[in-house]
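1. what shape does this take:
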Amino acid sequence: MGRRMYRKSFGARGVALFVLLWWGVCRAGADQALQVTVGEAEIFPGQAVLVTATACRPLASLAGELTDRKVMFFPDESRLRWTALAGVDLAVSAGTHALVYRGRYTDGTPVKGRYDVTVLAKSYPEERITVDRKFVQLSKQDLERVRRERKMLKALYRVQSSDVFWQGGFGVPVNVEAGSRFGLRRFFNNEPRNPHSGSDLKASGGTPVQSPSAGRTVFAGELFFSGNAVILDHGGGLFTLYAHLQDMTVGEGDLVSKGEVIGHVGATGRVTGPHLHWGAKLNGARVDPFSLVLLPLHRVRVVAEDVSARPEDPTDKERVSPSRETRAPE
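-> Alright, predicted model coming up:
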């Protein structure tokens, strides 16, 4: 009991000390600076991270970039504290990467800076899967279809929604054991393919799939590799994918709440049996959806803004490498 009280007291004192120190910096006239923090102690490729930036006086806008990916900040009501979700893509190399930011105070004064983020190395095991030959050696007709679907998905994932559905936090779509995990180096019929960019959840056909967070349905249809699939937009460049469904109970444009059933586990598309493929993309970065579950997003309080009304920032130019265009939808 005494130790718990000590920890609580120490934690409160620590927060109070930080506030006093930061207030001292502001009073000293260094109001061009932003106090940037990244909540995760260790960061690996394929991870979503929570970023906060605290200003000395209200900001009119703030945007950033990390490893060539947008970082979309949203303010609280005071416009002093800004929060963002940042994605570290699966292909990002280990080392120090700069999170650069740029914004403006309400009086028009510009602010810019950088915060160094250390990404640690992580190795992933291999997985060998045997599937129908047509999913490995594509016919001309199937290849054309796959290319059309990639183009469609690429355009879909580039949408920058001003909604912030993710601040309600993330659960899991099916409360079962995970099968093939995110990042596995995959071989289909002994031919190397892209690393697994999602997590497969083992469940029998017909198991209800629940939305792990609130969002808007931006796709509900059939894809060559993913079969029946639903894609949800959670705002701020965050999308989640639910693939190989038996059926879909939502349609494009539908708003879904956390825990709402969006479909049922199936075995459509490129599969060896019933399961749910759960994927996530954050401003184009492939991230492990389970990294979203670990973030304390239920504590975040931000105000949604019209991102189209924001001034141009250093991340507005689209960066798409040729290698990204050749990745499969999953």
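
2. buried residues in the host helix or strand of residue 152?
-> Using DSSP states H and E, residue 152 falls within helix 140-157. Buried positions in helix 140-157, judged by neighbour count with 16 or more other C-beta atoms under 10 Å: 146, 149-150, 153, 157. (C-beta placed from N, C-alpha, C; glycine too.)

3. relative to whatever helix or strand residue 85 lives in, what are the paired strands and their orientations?
-> For residue 85, the host element (DSSP H and E) is strand 81-88. Here strand 81-88 has these sheet partners by DSSP bridges: strand 47-55 (antiparallel), strand 69-75 (antiparallel).

4. what's the closest of these to residue 109?
-> Closest approach to residue 109 among the strands paired with strand 81-88 is made by strand 47-55 (11.0 Å; C-beta to C-beta).

5. please export the C-alpha coordinates of the helix or strand that comes right after that closest one as CSV.
-> Downstream of strand 47-55, the next assigned helix or strand under DSSP H and E is strand 59-66. Taking Å, rounded to 0.1, in the frame of the first residue of the first chain, the C-alpha atoms of strand 59-66 are listed here in CSV:
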residue,chain,number,x,y,z
LEU,A,59,-0.4,27.0,-32.8
ALA,A,60,-2.5,27.6,-35.9
SER,A,61,-1.1,24.5,-37.6
LEU,A,62,1.5,21.8,-37.2
ALA,A,63,2.6,19.0,-39.6
GLY,A,64,5.6,16.6,-39.7
GLU,A,65,7.4,13.8,-41.5
LEU,A,66,9.2,10.7,-40.3
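
6. please state the offset of strand 59-66 from the chain centre?
-> 17 Å (C-alpha atoms, centre = their mean, to the nearest Å).

7. packing partners of it?
-> Here strand 59-66 touches strand 69-75, strand 81-88, strand 95-105, strand 110-119, going by 3 or more C-beta pairs under 8 Å, 6 or more residues apart in numbering; DSSP states H and E.

8. switch to 6 Å and redo it
-> Contacts defined by 3 or more C-beta pairs under 6 Å, 6 or more residues apart in numbering; DSSP states H and E place strand 59-66 against strand 69-75, strand 95-105.

9. would you turn those strands into JSON lines with mean neighbour count, mean pLDDT and distance to residue 295?
-> Shown next, in JSON lines, are the helices and strands packed on strand 59-66 (neighbours: other C-beta atoms under 10 Å; pLDDT from 0 to 100; distance: least, C-beta to C-beta, whole Å):
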{"stretch": "strand 69-75", "mean neighbour count": "24", "mean pLDDT": "95", "distance to residue 295": "15"}
{"stretch": "strand 95-105", "mean neighbour count": "17", "mean pLDDT": "96", "distance to residue 295": "16"}
